[in-house]
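[1] Need coordinates for the following:
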Amino acid sequence: MKRPIVTWHDPNFGVRLQEYMQAIETAIPPNAWPEFYDYVVDVLRHAFSWPMITKRLVLNRGWIHKWFHFVRSVSSEGFGRIAYHTKIRQLLDTNIAVRQFIEGETNELPNFYHKKIRGKLGPLWDMLPPGAVRHDHQAYLHSQIPPPTCPSR
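    Below you'll find the model as predicted:
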């Protein structure tokens, strides 16, 4: 797989999430997810490396901006993302359920994600309706109203 260059900025990202996800799924061929995550981890390690953190400290004006970007870099948003995506990359090699889910072979939520969601929700977990954490990547297809049919003459 050729090293991809992917970048965009869209203030309506939430509105177009399905389009972006479909583009990513189309752009990444089957069995290329491990290599894709290698690139993701590589980019994050570069972006949140100490030389890049230092560069942002030097280039930003004002101590509030400098402090904000520093804290952001060394917190869960920076180092935490590296750890998370590194974990996903490892799971692609060691956990068949995660691999099948990411590659779209199944929509059965792996235990890794199940535990993560349950941990984030804490006591609110018990309030979820049955099937709330089940993922159907084609749900939008099932939710559309079929076009009206013309009566036959």
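[2] which stretches of this structure have low pLDDT?
    1-27, 135-140, 143-148, 150-153 (pLDDT under 70).
[3] hey, where'd the helices end up in it?
    Secondary structure of the chain (DSSP state H): helices at 17-27, 33-47, 50-59, 63-74, 79-94, 96-102, 111-121, 139-143.
[4] okay, these in TSV with distance to V133 and mean neighbour count next?
    (Glycine included, C-beta is placed from N, CA and C.) Below are those laid out as TSV (distance: least, CB to CB, whole Å; neighbours: other CB atoms under 10 Å):
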stretch	distance to V133	mean neighbour count
helix 17-27	18	12
helix 33-47	21	16
helix 50-59	35	12
helix 63-74	29	13
helix 79-94	18	15
helix 96-102	12	17
helix 111-121	6	12
helix 139-143	13	9
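[5] and of those, who's closest to A132?
    The minimum distance between A132 and the helices of the chain falls on helix 111-121, with 9.2 Å, by CB to CB.
[6] Point out the other helices and strands that the closest one packs with.
    Judged by 3 or more CB pairs under 8 Å, 6 or more residues apart in numbering; DSSP states H and E, the packing partners of helix 111-121 are helix 96-102.
[7] Contacts made by the helix it packs on with the rest, please.
    Applying CB atoms under 8 Å, 6 or more residues apart in numbering, the contact partners of helix 96-102 are 33, 88, 91-92, 106-113, 135.
[8] Closest to A47 out of these?
    Looking across those and measuring by CB to CB, the closest to A47 is I88, at 17.1 Å.
[9] Contacts only, for that closest one.
    So, once contact is read as CB under 8 Å, 6+ apart, I88 ends up touching 37, 98, 102.
[10] again, but for R118
    Residues near R118 by CB under 8 Å, 6+ apart: W125.
[11] Relative to E103, how far out is it?
    24 Å (CB to CB, to the nearest Å).
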